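A.B. asks: pasted the sequence and its predicted model underneath.
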Amino acid sequence: MHPRGQNKGIFWITPDAPQSAAFRELGRELQIVCLRAPAHPRDRPPLALQDLAAYYAESVGECSRNDPVTLVGYCIAAVLARETAIALSARGRRVRSLIMVDPPDPAKSRALLTRDPFGYRLFQQARRWSFHLSRMVSPELPSRTSYLQGSIAGVLARRDYGKSKSAYAAARTREAALPDRFSDGYHVAVAAFMNSTPGPYSGSACVIRPTDVPRRSFEYSNLRWLQLITGSIEFVDVPGNSDTMWQEPAVKVLCDVLRARLA
């Protein structure tokens, strides 16, 4: 993106179409290399999380030989960015900054980390219902039907994550291919993360979180990332939810945060 930009060494792991507004907003002074998911034969077992990280680290090495690098990722790509930072550090490359935009909860992996107390989980579930009900009755909501459909889609997606995790584990054990419905890069990365045991990253990171969510939603997730990122870690809040943070007008605030840390 913007190959003539002066600020180089920025690698964005598996960007998606909704992030295009952010690339426009960031401006042409930033040269950003976008890394695609690896092409992997459909008839072979899925790649492990460390395999994916090694692929991205190799790609970074081909594009940038010696310069310090900045790694950016959103959602599951934030996990891949962190693993790539670990792989690059092991190769002696300096990671200037790691920016993780709304990463998933490390509790979904096999790592033994701080867990949510039962009382907190119960209270947070009640908060979640209260939050969504208040949104449904809000006069500012453009479409209650669309909001309800989105909520149902979220529940179904979480159910599919469980299926993806089991299918991935079975494919790795049998050295077989994943079922077709889970063989795209996104589902492979999600399943690989859920079946992995992430180790610590000794560098620093910036974790960006949206604010339009039930209060304290990220409390224990952030604590777990603190266990997995042993250098300094900065948590920054931006307006919107995981989707609207990439849209006008919230994307301007998100890009101000990104630009400050990319500078």
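C.D. replies: Structure's in. What do you need?

A.B. asks: rest of the way, CA atoms for contacts and neighbours
C.D. replies: OK.

A.B. asks: which residue packs closest to the spatially most central residue of the chain, ignoring adjacent ones?
C.D. replies: Nearest to the mean C-alpha position of the chain, by CA atoms, centre = their mean, lies C75 at 2.1 Å. Spatial nearest neighbour of C75, excluding adjacent residues (CA to CA, 6 or more residues apart in numbering): P103 at 4.4 Å.

A.B. asks: contacts only, for that neighbour.
C.D. replies: 74-79, 207 (CA atoms under 8 Å, 6 or more residues apart in numbering).

A.B. asks: and A78, by the same measure?
C.D. replies: Applying CA under 8 Å, 6+ apart to A78 gives the contacts 13, 72, 99-103.

A.B. asks: let's see 10 Å
C.D. replies: Contacts for A78 (CA atoms under 10 Å, 6 or more residues apart in numbering) come out as 12-14, 71-72, 84, 98-104, 207.

A.B. asks: now, the residues you listed that are in strands?
C.D. replies: Those of the contacts of A78 mapping onto strands are 12-13, 71-72, 98-101, 207, per DSSP state E.

A.B. asks: of these, closest to Y120?
C.D. replies: Nearest to Y120 out of the ones in strands among the contacts of A78 is V207 (CA to CA; 22.4 Å).

A.B. asks: I'd assumed I32 was in a strand, is it?
C.D. replies: Yes: counting by DSSP: H, G, I helix; E, B strand; the rest coil, I32 is located in a strand.

A.B. asks: I figured it hits G5, correct?
C.D. replies: Yes: assessed by CA atoms under 10 Å, I32 is found in contact with G5 at 8.1 Å.

A.B. asks: quick one on the thing from earlier: adding pLDDT and distance to L133, write the contacts of A78 out as CSV.
C.D. replies: Converted to CSV, those look like this (pLDDT from 0 to 100; distance: CA to CA, whole Å):
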residue, pLDDT, distance to L133
W12, 96, 36
I13, 96, 35
T14, 93, 34
L71, 97, 37
V72, 97, 34
T84, 97, 40
L98, 97, 36
I99, 97, 33
M100, 98, 30
V101, 97, 27
D102, 97, 23
P103, 97, 25
P104, 96, 24
V207, 98, 28
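
A.B. asks: residue contacts, the residue nearest to the centre of the chain?
C.D. replies: C75 neighbours (CA under 10 Å, 6+ apart): 100-105, 190, 242.

A.B. asks: kindly recompute the last result at 8 Å.
C.D. replies: 100-104.

A.B. asks: CSV for the contacts of A78, including distance to A37?
C.D. replies: What follows is the contacts of A78, written out as CSV (distance: CA to CA, whole Å):
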residue, distance to A37
W12, 11
I13, 8
T14, 6
L71, 15
V72, 14
T84, 13
L98, 19
I99, 18
M100, 17
V101, 18
D102, 19
P103, 17
P104, 18
V207, 22
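
A.B. asks: follow-up on the earlier one: quick check: the residue nearest to the centre of the chain vs D243, distance?
C.D. replies: 11 Å (CA to CA, to the nearest Å).

A.B. asks: kindly report the same for I229.
C.D. replies: Distance from I229 to D243, by CA to CA: 25 Å.

A.B. asks: model confidence for the most far-flung residue of the chain relative to its centre, exactly?
C.D. replies: Using CA atoms, centre = their mean, the residue of the chain lying farthest from its centre is P139. It sits 31.7 Å away. As predicted, P139 sits at a pLDDT of 71.

A.B. asks: quick one: contacts for it?
C.D. replies: Residues near P139 by CA under 8 Å, 6+ apart: none.

A.B. asks: for it, which three-state class applies?
C.D. replies: Under the three-state scheme (three-state DSSP), P139 adopts coil.

A.B. asks: again, but for F235
C.D. replies: Secondary structure, three-state DSSP: F235 is strand.

A.B. asks: next, count neighbours for it.
C.D. replies: F235: 11 surrounding residues under other CA atoms under 10 Å.

A.B. asks: in this structure it contacts P210, no?
C.D. replies: No: using CA atoms under 8 Å, F235 makes no contact with P210, being 10.6 Å away.

A.B. asks: one step back: I32 and G5 - which one has more neighbours?
C.D. replies: Using other CA under 10 Å as the criterion, I32 and G5 rank with I32 on top: 22 against 13.
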